[in-house]
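Peer 1: Just the structure for this:
(chains A, B, C and D)
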Protein chains: 4
Amino acid sequence: MLTINRLDQADARLLIEGAAARATEIGVPMCIAITDESGNLLAFERMDGGKVTSITVAQDKSFTASAARKATHEYNAACVPGNLVFGIHTALGGRLCVVGGGLPVMVDGEVVGGIGLSSGTPAQDMDCAQAGIDHFMRSRA
Amino acid sequence: MLTINRLDQADARLLIEGAAARATEIGVPMCIAITDESGNLLAFERMDGGKVTSITVAQDKSFTASAARKATHEYNAACVPGNLVFGIHTALGGRLCVVGGGLPVMVDGEVVGGIGLSSGTPAQDMDCAQAGIDHFMRSRA
Amino acid sequence: MLTINRLDQADARLLIEGAAARATEIGVPMCIAITDESGNLLAFERMDGGKVTSITVAQDKSFTASAARKATHEYNAACVPGNLVFGIHTALGGRLCVVGGGLPVMVDGEVVGGIGLSSGTPAQDMDCAQAGIDHFMRSRA
Amino acid sequence: MLTINRLDQADARLLIEGAAARATEIGVPMCIAITDESGNLLAFERMDGGKVTSITVAQDKSFTASAARKATHEYNAACVPGNLVFGIHTALGGRLCVVGGGLPVMVDGEVVGGIGLSSGTPAQDMDCAQAGIDHFMRSRA
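Peer 2: Residues are numbered from 1 along each chain as shown, chains lettered A, B, ... in the order given. Predicted structure coming up:
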């Protein structure tokens, strides 16, 4: 039997809180998705003004980051024609997302979930995702 | 040009709050989804212990209730073999959900969104969905 | 943070072993799928002679039993026209399976995974799934 | 009438055994999928620690290698913009996988099945897939 550590709902709210605060700060309303360590959705918020397409993209970024235990921008860097990773962006019906903005959430060196943001540029999405993680880590300390 | 009335994120939080309070009361952790009047996801929460299959089912119930402007249990009643509505449960790849637990959210006689609950029995899901709407309406008064 | 108990690969092999032994006994080669507590595939075996359609059906049964924490034949009993659960069989693109043959695997009152069998009659599938669980429980004792 | 040669379940176990042994050696827990000559799943194992996204990717690699009778890294090399093969990675809803790690299994110059690995780098996945084939061929000799 395995024993697994996983974000709970309170953790998910902290992650969203931190990401939304940063999104408000930069003036870009976002879709924010939090998944558990298996990639399943824990919480989602579309800030007023967040894009409809981003509902799915934010979830797919968070799914990828948590279930593959890798930031989506890292997949992006490797997913170039001629690289053996190329093509991974169409896996799982395109649900494996290589657009920047999905980060694994790590506690004690272990992936316990993920966060995915969408509606801004990938750089803005990544910035807000990191702000969510920073807020979560500070609140745990 | 049309002018549309739509739940905002604060409304969505109220709906979730009311539904989650009732779910806690009856001891059944739920997946709770809120959609706007077009059926697009606004907010989602999987309470600690909510089922993985309910992540999608809750969203599909809310989608159906808001986008078709009809409670899912009303579709259920009509979706019996021999009735001309029968078969609607496989529409949209099965996303049109006829399982009880999805309710349209109405303000001034107009559908402004939907709420969908899943993880309990349909009766429990419907009860908690209604509790979400009640809490939302009271908070608006 | 939540702490989750989950089948490991050795557990999955025991479950398959027990189910396959019973399938051999009754002379019906089966597809056998084992999922973790989140519904994700851990192990799969198509016995020589198992059906191609059963590859997916066995996985969907195991997914349903573990992720919804309910035996698929229990869903089957409730999924009749006029019952508020009717329609659940088309959820998740039909991946939520209500055909008998999927059982949750429980340890200390908690769902830690699932087992799904397909290729025989539902009664045969259920019998072999239970045999898998029995063998697993005996081996743990 | 055609006569087809196809891996049996004992062959599939040998392929997994060899691949898993190599994965353990390099310290990367893998998802390992074996398909028959028609691309249909015969056996699957997610080693403890294998990634959730790799469940599908490993199967798609094995499916591609066996059903298209070509290693996925060979598709990868050809699947570059401007080459007439480009675009094949989105075929079959993305199920045709061009990420390295899928190899056809050949006996007497004929494809009898496939093996697909995922969770490491493509080079690691390819290495372990080859180790599975080597072990299978040695066991047959």
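Peer 1: got the contact list for the residue lying farthest from the centre of chain A?
Peer 2: Of all residues in chain A, A:M1 has its C-alpha farthest from the mean position, at 28.3 Å, by Cα atoms, centre = their mean. Residues near A:M1 by Cβ atoms under 8 Å, 6 or more residues apart in numbering or on different chains: C:5-8, C:11, C:107, C:112. (Each C-beta comes from the backbone N, C-alpha and C, glycine too.)
Peer 1: Just to confirm, what confidence does the model report for the closest residue to A:L92 other than its chain neighbours?
Peer 2: In space, and not counting its chain neighbours, A:L92 is closest to D:T56: 5.2 Å by Cβ to Cβ, 6 or more residues apart in numbering or on different chains. D:T56 is assigned 98 on the pLDDT scale.
Peer 1: Spell out the secondary structure type for D:T56.
Peer 2: For D:T56, the assignment made with DSSP: H, G, I helix; E, B strand; the rest coil gives helix.
Peer 1: That one is in contact with A:T90, isn't it?
Peer 2: No - the pair D:T56 / A:T90 is not scored as a contact, 11.6 Å apart, by Cβ atoms under 8 Å.
Peer 1: Comparing the two, which shows the higher neighbour count?
Peer 2: Between D:T56 and A:T90, counted using other Cβ atoms under 10 Å in any protein chain shown, the more crowded position is A:T90 (26 against 23).
Peer 1: The more buried one contacts D:G94, correct?
Peer 2: Yes - here A:T90 reaches D:G94: they are 3.6 Å apart, a contact under Cβ under 8 Å.
Peer 1: residue ranges of the strands in chain A, please?
Peer 2: For chain A, applying DSSP state E gives strands covering A:2-6, A:31-36, A:41-46, A:102-107, A:110-118.
Peer 1: From chain B, how far off is the residue nearest to A:L92?
Peer 2: Using Cβ to the nearest Cβ, to the nearest Å, one obtains 16 Å as the distance from D:T56 to chain B.
Peer 1: list the contacts for the residue in chain A positioned nearest to chain B?
Peer 2: Nearest to chain B in chain A, going by Cβ to the nearest Cβ, is A:F44, at a distance of 3.9 Å. Residues in contact with A:F44, defined by Cβ under 8 Å, 6+ apart, are A:31-34, A:55, A:58-59, B:41, B:43-44.
Peer 1: before we move on, back to that, quick one: pLDDT of the residue farthest from the centre of chain A?
Peer 2: For A:M1, the model assigns a pLDDT of 96.
Peer 1: A:C128 too?
Peer 2: pLDDT, A:C128: 98.
Peer 1: That one touches A:G27, doesn't it?
Peer 2: No - A:C128 is not in contact with A:G27 according to Cβ under 8 Å; the separation is 11.4 Å.
Peer 1: Pick out whichever of those two has more residues nearby.
Peer 2: Each of A:C128 and A:G27 has its neighbours counted (other Cβ under 10 Å); A:C128 has more, 27 against 9.
Peer 1: what sits up against stretch A:119-139?
Peer 2: A:11, A:14-23, A:26, A:28-32, A:47, A:49-51, A:54, A:58, A:61, A:73, A:76, A:99-103, A:105, A:115-118.
Peer 1: Out of those residues, which end up buried?
Peer 2: Burial by neighbour count, judged by 16 or more other Cβ atoms under 10 Å in any protein chain shown, picks out A:11, A:14-20, A:22-23, A:28-32, A:47, A:50-51, A:54, A:58, A:61, A:73, A:76, A:99-103, A:105, A:115-118 from the contacts of stretch A:119-139.
Peer 1: what's near enough to touch A:A23?
Peer 2: The neighbours of A:A23, taking Cβ under 8 Å, 6+ apart as the test, are A:29-30, A:32, A:47, A:117, A:120, A:128.
Peer 1: Spell out which parts of chain A neighbour chain B.
Peer 2: Residues of chain A lying near chain B by Cβ under 8 Å from any Cβ of the partner chain: A:8-9, A:12, A:40-48, A:52, A:55.
Peer 1: Taking these together, which two end up most distant?
Peer 2: A:D8 and A:V52 (28.8 Å; Cβ to Cβ).
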